[in-house]
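Colleague: Everything below, folded, please.
(one chain, ligands or ions: 2)
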Amino acid sequence: MSTLQSYGWNAHFMHHFETNTHQNLEAARVLSIQGFKHLLITAEGNLDALLAGSLINSREPESLPKTGDWVLVKRYDEEGIIIDILPRINELSRKMPGSQSTRQVLAANVDAALIVQGLDRDFNLMRLQRYLQQIAQCYIRPIVVLNKTDLVPDPENYRLRVAELGYDCPVILTSALDEAQQSAWTNHHLLPGHTYILLGSSGVGKSTLVNSLLGHDLQETGATSSANSKGKHTTTTRQLVQLPNGSMIIDVPGMREFGLTSEDGDEGIHHPMIDALAPQCRFGDCTHQHEPGCAVVNAVENGDLPEIVYRSYQKLLREQNHFQASEADKRRMGKQFGKIAKQVSKHRKDRKY
Ligand SMILES: Nc1nc2c(ncn2[C@@H]2O[C@H](COP(=O)(O)OP(=O)(O)OP(=O)(O)O)[C@@H](O)[C@H]2O)c(=O)[nH]1
Ligand SMILES: [Zn+2]
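Modeller: Residues are numbered from 1 along each chain as shown. Ligands and ions are numbered 1, 2, ... in the order given. Coordinates of the predicted model:
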């Protein structure tokens, strides 16, 4: 297998690579980004690269290369210039922390997301459901990892509570401090050539888990560019690393928020049981709140649908509506500003100043 294939190169990227009109460009994957410097993996190994000015000028920030992107790069001596990005299979986004309606892309071309919660203080089913919803919206498969099992007397009880939510996803119990525990689940869930991303609040043990999976400390041995081989450590900011079994993992350190976004064409909040019940509601446009004959509310009352799933559904729906409303406001403001700017420019022209 070639280096690129081992990093997830497939027919989708090959197709777009072959149809590109540029000459003498190599394909490469973005392993990490630090300021302007992009660390890439190419067929010949690591390469540091910068973005072409034309790329920066022609793209919105969220469509500039992110960790996990496949790019077209031109090599100049020991450095590369990224000329273009191959179309993404998917992108993992969240609401930009602190903003009302700005989307931030965390990584691109991800097969599955590992949602990590610590069983000490971090275990929270409402937060877990927010992650599950946002990840599903991004067309990414979720895997729930409940870490720090060594700190609670009955870890299985936590696994059951997640299973009772009714989502269709694996739930893994582990302690990242114990390296030996990792092979049992990773062999089954982390496949060679596939890309995984670790998500979860700060302190849940994501970096400890990566180190445990790697069998050594990423901080100490961080990837370096073999092209300039200065041996300098890279920090672990959204770094894609290959695990011994050939799978790849991206750690997103220091996450405080994971806000919901909304895309044009998104159809609200999804849960397998609510989706199955909704067609049985008396009204086709039932919001599952106060309407008579609501099958969802009935299921909560009968104990068939967990109340926490229902509460999460309503909360996430409000959040999504808020994102959409703020985005619409922003667009309107943008248009108004555009109009005013045009008027000012016309006024200046008319008056010749
Ligand atoms: N007892 C116990 N402690 C753990 C476990 N996993 C991680 N820790 C500890 O939890 C603390 C936080 O772990 P990190 O790996 O830094 O957490 P993180 O999720 O990477 O945090 P950020 O980098 O801030 O996002 C460290 O002191 C770890 O040693 C575990 O399974 N059991
Ligand atoms: Zn209903």
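
Colleague: Identify the residues contacting stretch 176-196?
Modeller: 5-8, 68, 109-114, 143, 147-148, 150, 170, 172, 174-175, 205, 208-209, 211-213, 215, 240, 243, 245-250 (C-beta atoms under 8 Å, 6 or more residues apart in numbering). (C-beta placed from N, C-alpha, C; glycine too.)

Colleague: So which of those residues sit within strands?
Modeller: Judged by DSSP state E, the subset of the contacts of stretch 176-196 located in strands is 112, 113, 114, 143, 147, 172, 240, 248, 249, 250.

Colleague: Do you know the pLDDT at the residue of the stretch 201-350 of the chain at minimum distance from ligand 1?
Modeller: In the stretch 201-350 of the chain, the residue that lies nearest ligand 1 is residue 205 (2.9 Å; C-beta to the nearest ligand atom). The per-residue pLDDT reported for residue 205 equals 93.

Colleague: hmm, back to that, separate out the buried members of the ones in strands among the contacts of stretch 176-196.
Modeller: Buried members of the ones in strands among the contacts of stretch 176-196, counted by 16 or more other C-beta atoms under 10 Å: 112, 113, 114, 143, 147, 172, 240, 248, 249, 250.

Colleague: Get me the contact residues on the protein for ligand 1.
Modeller: Selection of the chain residues close to ligand 1 by C-beta under 6 Å from any ligand atom yields 147-148, 150-151, 175-177, 200, 202-208, 253-255.

Colleague: for the stretch 101-250 of the chain, what spans make up the helices?
Modeller: Per DSSP state H, counting those that start in this stretch, the stretch 101-250 of the chain carries helices over the ranges 125-137, 155-163, 182-189, 206-214, 218-221.

Colleague: repeat for the stretch 251-353 of the chain
Modeller: Under DSSP H, counting those that start in this stretch, the stretch 251-353 of the chain gives helices at 272-277, 295-302, 307-351.

Colleague: Which segments of this protein make up each domain?
Modeller: 3-85, 91-251, 272-349 (automatic domain parsing).

Colleague: Quick one: closest of those domains to ligand 2.
Modeller: domain 272-349 (3.2 Å; C-beta to the ion).

Colleague: nearest residue to residue 123 other than its sequence neighbours?
Modeller: residue 117 (5.3 Å; C-beta to C-beta, 6 or more residues apart in numbering).

Colleague: So what's the residue count around that neighbour?
Modeller: Under the neighbour criterion other C-beta atoms under 10 Å, residue 117 is assigned a count of 25.

Colleague: Beta-bridge partners for it, please?
Modeller: residue 146 (DSSP bridges).

Colleague: Correct me if wrong: it contacts residue 203.
Modeller: No: Residue 117 is not in contact with residue 203 according to C-beta atoms under 8 Å; the separation is 10.8 Å.

Colleague: Any idea which residue is closest to the centre of this structure?
Modeller: Centrality entry for the chain: nearest residue to the mean C-alpha point is residue 92, 2.7 Å, by C-alpha atoms, centre = their mean.

Colleague: which other residues reach the particular helix or strand that has that one in it?
Modeller: Secondary structure assignment for residue 92, by DSSP states H and E: strand 91-95. With contacts defined as C-beta under 8 Å, 6+ apart, strand 91-95 is touched by 62, 66, 101-110, 113, 134-135, 138, 140, 197, 257-261, 323.

Colleague: In ChimeraX, select just the buried ones from those.
Modeller: Command for ChimeraX that selects the buried part of the contacts of strand 91-95, burial taken from 16+ other C-beta under 10 Å:
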select :66,101,102,103,104,105,106,107,108,109,110,113,134,135,138,140,197,258,259,260,261,323
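
Colleague: In strands, which of the contacts of strand 91-95 fall?
Modeller: With DSSP E as the criterion, strands contain 103, 104, 105, 106, 107, 108, 113, 197 from among the contacts of strand 91-95.

Colleague: is it possible to export those residues to a markdown table including distance to ligand 2 and pLDDT?
Modeller: Formatted as a markdown table, the ones in strands among the contacts of strand 91-95 follow (distance: C-beta to the ion, whole Å; pLDDT from 0 to 100):
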| residue | distance to ligand 2 | pLDDT |
| --- | --- | --- |
| 103 | 29 | 87 |
| 104 | 33 | 90 |
| 105 | 34 | 93 |
| 106 | 34 | 94 |
| 107 | 36 | 95 |
| 108 | 37 | 97 |
| 113 | 30 | 97 |
| 197 | 34 | 96 |
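
Colleague: closest to residue 290 among those?
Modeller: Ranked by distance to residue 290 (C-beta to C-beta), the ones in strands among the contacts of strand 91-95 are led by residue 103 at 32.0 Å.

Colleague: hmm, back to that, can you lay out the ones in strands among the contacts of stretch 176-196 as JSON lines showing distance to residue 308?
Modeller: Converted to JSON lines, the ones in strands among the contacts of stretch 176-196 look like this (distance: C-beta to C-beta, whole Å):
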{"residue": "112", "distance to residue 308": "24"}
{"residue": "113", "distance to residue 308": "21"}
{"residue": "114", "distance to residue 308": "22"}
{"residue": "143", "distance to residue 308": "20"}
{"residue": "147", "distance to residue 308": "21"}
{"residue": "172", "distance to residue 308": "21"}
{"residue": "240", "distance to residue 308": "34"}
{"residue": "248", "distance to residue 308": "33"}
{"residue": "249", "distance to residue 308": "30"}
{"residue": "250", "distance to residue 308": "29"}
